[in-house]
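> build me a model from this:
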Amino acid sequence: MTPAAELIQKPRSQSPALYILLALVVVLVVGVSGFGWQQSALALVGTLFGLTLYQASFGFASSYRHLLVRGDGRGVLAQVLMLGLATVLFAPLLISGIGRGAVAPVAAQAVVGAFLFGIGMQLGSGCACGTLYTIGGGSSMMLLTLLTFGTGSFLGTLTDGVWQGLPKAEAMSLIGLWGWGGVMVQVAVLAALGLGLGRWQQSRIAEAGDFWVKPTWRSLLYGPWSLVVGGVALALLNTLTLVLAGRPWGVTWGFTLWAAKLATLLGWNPASSEFWQQEAVANVLNASLFADVTSVMNFGIVLGAALGAAIAGQLTVRKPPSRSAIVAALIGGLLMGYGAWLAFGCNVGAYFSGIASTSLHGWLWIAFALLGTAVGVRLRPFFKLQN
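Numbers count the residues shown, from 1 in each chain. Model prediction:
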């Protein structure tokens with residue numbers, strides 16, 4: 001029986017850690033209030049993202065790996081549900097002009113970037129949001145992934161001009177092309193994918209397991225949550241982000257900004273970069289980290305995941321399993337960071353928010369990220385990582 005299907009017991013108390021984390025959340029929410037009430041609200045939304053990701057163990061990288069290696073499509077099926085709900089929730093907002101969608105060009109560089117990201121998230125054993133929420137849960141190895149993820153995306157900004165000559169179509173979305181008709185087309189495609197994957201899944205794994213378990217007040221409080229509950233919560237939170245921030249959830253830019261801030265402290269001159277010379281970008285770099293929406297939400301994700309771990313009585317620092325795993329994490333983070341920059345986003349900004357915005361580049365992203373995943377799972381054994 002899977003953990004989510006077992007009788008939920010009240011976990012061992014981690015009250016001191018819980019109180020400290022709650023205090024840190026309050027400090028974050030109040031501390032960013034000087035940048036507007038929306039910034040405080042988004043800090044809280046980021047915290048809820050982290051809590052949701054942890055409690056539902058909602059992994060993107062692991063879901064793709066389990067589908068390809070084990071034939072277990074429960075995680076991907078939950079993502080299809082999440083995308084369908086987010087599409088329906090986003091549509092009236094985007095069509096009425098409330099916020100802008102995560103729509104990016106359909107470009108050759110996105111193909112390369114998504115492929116690299118797919119390899120990287122298997123070597124790094126996590127994606128962009130997965131890196132944050134596993135750090136919050138106590139993973140020390142993911143700190144290394146975060147370090148090289150930021151480095152990779154920062155390097156992407158420095159080599160941005162190299163990729164400009166490659167073929168690129170304009171940014172397109174189904175909503176932009178056909179309005180509500182485009183929404184209906186995407187919902188139909190997602191429904192067909194969900195039904196097909198669901199039937200195939202039933203023929204392979206009879207037990208629903210952690211995909212769906214009827215929630216109780218105790219399971220909602222202490223966890224774990226089913227994948228369905230996690231997917232629904234993520235779709236709702238992304239919609240709330242769209243309303244508050246004027247654009248959907250993203251993660252990668254926060255890593256890029258953190259790396260650029262660190263680089264300036266180490267002596268790097270932003271004036272040497274065409275990208276960082278741009279007035280709007282330079283203003284963000286010169287401002288506080290807490291003035292940036294993505295940065296603040298990323299901090300919230302870490303705190304939210306740590307809260308979830310403390311509530312579940314599972315908050316503890318975990319050492320890297322081996323030296324080879326450390327090497328894989330460093331390489332994986334670098335590939336994810338550089339790939340995410342090339343692909344106009346990661347599994348959150350390009351895939352989740354992109355497809356929810358009916359962006360064609362979101363579909364391109366997941367196709368080539370899955371190809372990269374297929375390569376990545378074959379590389380994992382070389383680093384003594386289990387599939």
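> which ones are touching Val112?
For Val112, the contacting residues are Trp163, Gly339, Leu342, Ala343, by C-beta atoms under 8 Å, 6 or more residues apart in numbering. Backbone N, C-alpha and C define where each C-beta goes, glycine included.
> correction: Glu170
Listed by C-beta under 8 Å, 6+ apart, the contact set of Glu170 reads Pro105, Val106.
> give me that answer again for 7 Å
With contact set as C-beta atoms under 7 Å, 6 or more residues apart in numbering, Glu170 has these partners: Pro105.
> quick one: strands adjacent to the helix or strand where it lies?
Assigned by DSSP states H and E, Glu170 falls within strand 168-171. Here strand 168-171 is paired, per DSSP bridges, with strand 105-107 (antiparallel).
> give me the distance from the partner strand to the chain's centre.
20 Å (C-alpha atoms, centre = their mean, to the nearest Å).
> from the contacts of Val112, which is closest to Met142?
Gly339 (17.4 Å; C-beta to C-beta).
> low pLDDT regions in the stretch 1-150 of the chain?
For the stretch 1-150 of the chain, the stretches with pLDDT under 70 are 1-13.
> ditto for the stretch 201-350 of the chain
In the stretch 201-350 of the chain (pLDDT under 70), the answer is 203-213, 215, 217, 219, 223.
> which stretches of it form helices?
217-222, 227-245, 252-265, 274-277, 279-286, 293-311, 323-342 (DSSP state H, counting those that start in this stretch).
> any chance of the ones you listed in TSV, plus distance to Leu360 and mean neighbour count?
Shown next, in TSV, are the helices of the stretch 201-350 of the chain (distance: least, C-beta to C-beta, whole Å; neighbours: other C-beta atoms under 10 Å):
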stretch	distance to Leu360	mean neighbour count
helix 217-222	37	14
helix 227-245	19	21
helix 252-265	19	21
helix 274-277	25	15
helix 279-286	26	13
helix 293-311	23	26
helix 323-342	17	25
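> would you mind saying which of those lies nearest Ile95?
Using C-beta to C-beta, the helices of the stretch 201-350 of the chain put helix 227-245 closest to Ile95, at 12.4 Å.
> if I've got this straight, Arg25 is in a strand?
Quick fix: residue 25 is Val, not Arg. No - under DSSP: H, G, I helix; E, B strand; the rest coil, Val25 falls outside any strand and is assigned helix.
> quick one: contacts for it?
Val25 touches Thr47, Leu303, counting by C-beta under 7 Å, 6+ apart.
> state the distance from it to Thr256.
Going from Val25 to Thr256 by C-beta to C-beta, to the nearest Å gives 24 Å.
> repeat for Gly46
Where Thr256 is concerned, Gly46 sits at a distance of 17 Å (C-beta to C-beta).
> kindly report the same for Ala114.
From Ala114 across to Thr256, the span is 17 Å (C-beta to C-beta).
> report the central residue of this structure.
By C-alpha atoms, centre = their mean, the chain has its centre lying nearest to Cys129, at 3.4 Å.
> so that one sits against Val348, correct?
Yes - here Cys129 lies in contact with Val348, judged by C-beta atoms under 7 Å, at a distance of 5.3 Å.
> need the overlap of contacts for these two.
Residues touching both Cys129 and Val348 (C-beta under 7 Å, 6+ apart) are Val251.
> the helix or strand hosting Gln79 to helix 227-245, inter-axis angle?
Element membership for Gln79, per DSSP H and E: helix 74-95. Interaxial angle of helix 74-95 relative to helix 227-245 (axes from the mean of the first three to the mean of the last three C-alpha atoms, to 10 degrees): 30 degrees.
> which residues does helix 74-95 contact?
59, 62-64, 66-67, 99, 101, 175, 179-180, 183, 186-187, 190-191, 193-194, 197-198, 201, 209, 211, 227-228, 230-232, 234-235, 238-239, 242-243, 355-358.
> can you pull the buried residues of it?
74-91, 93-94 (16 or more other C-beta atoms under 10 Å).
> hang on, the earlier thing: next SSE downstream of the strand holding Glu170?
Downstream of strand 168-171, the first helix or strand assigned by DSSP H and E is helix 174-178.
> mind listing what's buried along that following helix?
Neighbour-count burial for helix 174-178, with 16+ other C-beta under 10 Å as criterion, is recorded at Leu174, Ile175, Gly176.
> and these as JSON lines, adding distance to Leu143 and pLDDT?
Below are the buried residues of helix 174-178 laid out as JSON lines (distance: C-beta to C-beta, whole Å; pLDDT from 0 to 100):
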{"residue": "Leu174", "distance to Leu143": "39", "pLDDT": "98"}
{"residue": "Ile175", "distance to Leu143": "39", "pLDDT": "98"}
{"residue": "Gly176", "distance to Leu143": "40", "pLDDT": "96"}
